[in-house]
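*Asks:* fold the following and give me the result.
(one chain, ligands or ions: 2)
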Amino acid sequence: MYKPQEKYEIIEKRDLSDVISEHIIYAPLIARSAKPGHFVILMKDNNSERIPVTLVDWNKDKGTITVIIQSIGKSTADINSMKKGDFFLNVSGPLGTPVEVKKVGTVVGIGGGVGIAELYPIAKAFKEAGNKVISILGARNKDLLILEKETKEISDEILITTDDGSYGKKGVVTDALKELYERGEKIDSVFTIGPLIMMKFVALATKPHSTPTYASLNPIMLDATGMCGGCKVEVDGKFKFACVDGPMFDAHKVNFESLLKRNNAFKEFEEQSLKEFEKKHNCKIGLH
Ligand code: FAD
Ligand code: FES
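*Replies:* Ligands and ions are numbered 1, 2, ... in the order given. Below you'll find the model as predicted:
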């Protein structure tokens, strides 16, 4: 009889920056069926929120999965305060529709902030499928740039931009994408993961070139099983549930404006809960 796994232990934990941590978690059933583009829902304890995070890596032999989390609010900060040897109450997954990986030619992967971690398994899979992979990584500053070495290893070329010019070229990821078009690079597909506003501008930049472009959407999720409707997104004029139909969608068909509005709906409550967390733990977290 099927017996759910009871203990999801953190086997390794590594801080990649002040606000971003990598967790390697024992979850053999998930590791066995994980594919690029899948995500999991983490629950730290009985009182915590259900937090969706992308599977960055997995090891079927060791039975482990890797997630990389940016402290952006109360729940992500709470998870990043966990240590090696701590246990999650629950890890559900793999969830979502995996990305269809095939040989298309030249694939450009564009990751912003913690989206770089989410892009990594997709870029790696396209490289393994025989594509030329160009990775564009963007971060606010050098300290927030993650997985440069790992991404370099699976890319034919890597371009880096930082908002403040502290590393790579000063500017944003769409500047680097424009350079690729200007030098005549024939781009067959673009995958982008990061802040909604960044993905919206990537979609606007690729549309005049008719380059097929896919964005991984990050709406607020509750059950992540297609039941609650919390993650509703508008794609091609129709409503889709990002948790089951996505999270990756044709970026040229996504209504980014309505998604930006929906994701800000709980801002007041989120800020209040972050303030209470900071007061309780006498700390300052997030990027605010
Ligand atoms: P909150 O207090 O809930 O929010 C703090 C701030 O973050 C607010 O400004 C709010 O508008 C914004 N926010 C809230 N929820 C989201 C969201 N879903 N996406 C973007 N901004 C949000 N994060 C990672 O660090 N690593 C990942 O690999 C990762 N993968 C994801 C995969 C999917 C499919 C989805 C839907 C989200 C993913 N996220 C990932 C985002 C992560 O789930 C949110 O950052 C987290 O739920 C915020 O919870 P919080 O309580 O810490 O912050
Ligand atoms: Fe409930 Fe997607 S999170 S339907």
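*Asks:* when you work out contacts or count neighbours from here on, use the C-alpha atoms and nothing else.
*Replies:* Noted.
*Asks:* can you give me the strands for the stretch 1-150 of the chain?
*Replies:* Secondary structure of the stretch 1-150 of the chain by DSSP state E, counting those that start in this stretch: the strands cover 8-15, 20-26, 39-43, 51-54, 57-59, 64-70, 87-88, 90-95, 106-112, 132-139.
*Asks:* make that the stretch 151-288 of the chain, sorry
*Replies:* 157-162, 169-170, 189-193, 213-216, 232-235, 238-241, 248-250.
*Asks:* give me the pLDDT value at residue 74.
*Replies:* Looking at residue 74, its pLDDT reads 89.
*Asks:* so which of the strands of the stretch 151-288 of the chain is nearest residue 130?
*Replies:* strand 189-193 (13.7 Å; Cα to Cα).
*Asks:* check the offset of the closest one from the chain's centre.
*Replies:* 12 Å (Cα atoms, centre = their mean, to the nearest Å).
*Asks:* same deal with stretch 249-256?
*Replies:* Worked out by Cα atoms, centre = their mean, stretch 249-256 lies 17 Å from the chain centre.
*Asks:* again, but for stretch 28-41
*Replies:* Centre to centre, stretch against its chain (Cα atoms, centre = their mean), the figure for stretch 28-41 is 14 Å.
*Asks:* buried residues, it. List them.
*Replies:* 28-32, 34-41 (16 or more other Cα atoms under 10 Å).
*Asks:* tabulate the strands of the stretch 1-150 of the chain in JSON lines, adding columns for distance to ligand 2 and mean pLDDT.
*Replies:* What follows is the strands of the stretch 1-150 of the chain, written out as JSON lines (distance: least, Cα to the nearest ligand atom, whole Å; pLDDT from 0 to 100):
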{"stretch": "strand 8-15", "distance to ligand 2": "22", "mean pLDDT": "96"}
{"stretch": "strand 20-26", "distance to ligand 2": "23", "mean pLDDT": "97"}
{"stretch": "strand 39-43", "distance to ligand 2": "10", "mean pLDDT": "96"}
{"stretch": "strand 51-54", "distance to ligand 2": "9", "mean pLDDT": "96"}
{"stretch": "strand 57-59", "distance to ligand 2": "23", "mean pLDDT": "97"}
{"stretch": "strand 64-70", "distance to ligand 2": "19", "mean pLDDT": "97"}
{"stretch": "strand 87-88", "distance to ligand 2": "20", "mean pLDDT": "96"}
{"stretch": "strand 90-95", "distance to ligand 2": "10", "mean pLDDT": "95"}
{"stretch": "strand 106-112", "distance to ligand 2": "23", "mean pLDDT": "98"}
{"stretch": "strand 132-139", "distance to ligand 2": "28", "mean pLDDT": "98"}
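*Asks:* neighbours of residue 106, how many?
*Replies:* 20 (other Cα atoms under 10 Å).
*Asks:* for the nearest residue to it once chain neighbours are set aside, list the residues it contacts.
*Replies:* Distances taken as Cα to Cα, 6 or more residues apart in numbering put residue 132 closest to residue 106, at 4.7 Å, once the chain neighbours are dropped. Taking Cα atoms under 8 Å, 6 or more residues apart in numbering, we find residue 132 in contact with 105-107, 155-156.
*Asks:* likewise residue 134?
*Replies:* Here residue 134 is in contact with 106-109, 155-159 (Cα under 8 Å, 6+ apart).
*Asks:* pull up the gap between it and ligand 1, please.
*Replies:* 21 Å (Cα to the nearest ligand atom, to the nearest Å).
*Asks:* so that residue bridges to which residues?
*Replies:* With DSSP bridges as the criterion, residue 134 is bridged to residue 108, residue 157.
*Asks:* let's have the chain start at 392 instead
*Replies:* Taking 392 as the first residue, the last one we looked at is residue 525.
*Asks:* tell me the pLDDT of the closest residue to ligand 1 within the stretch 492-641 of the chain.
*Replies:* Closest to ligand 1 within the stretch 492-641 of the chain is residue 609: 3.6 Å, counting by Cα to the nearest ligand atom. Predicted confidence (pLDDT) for residue 609: 90.
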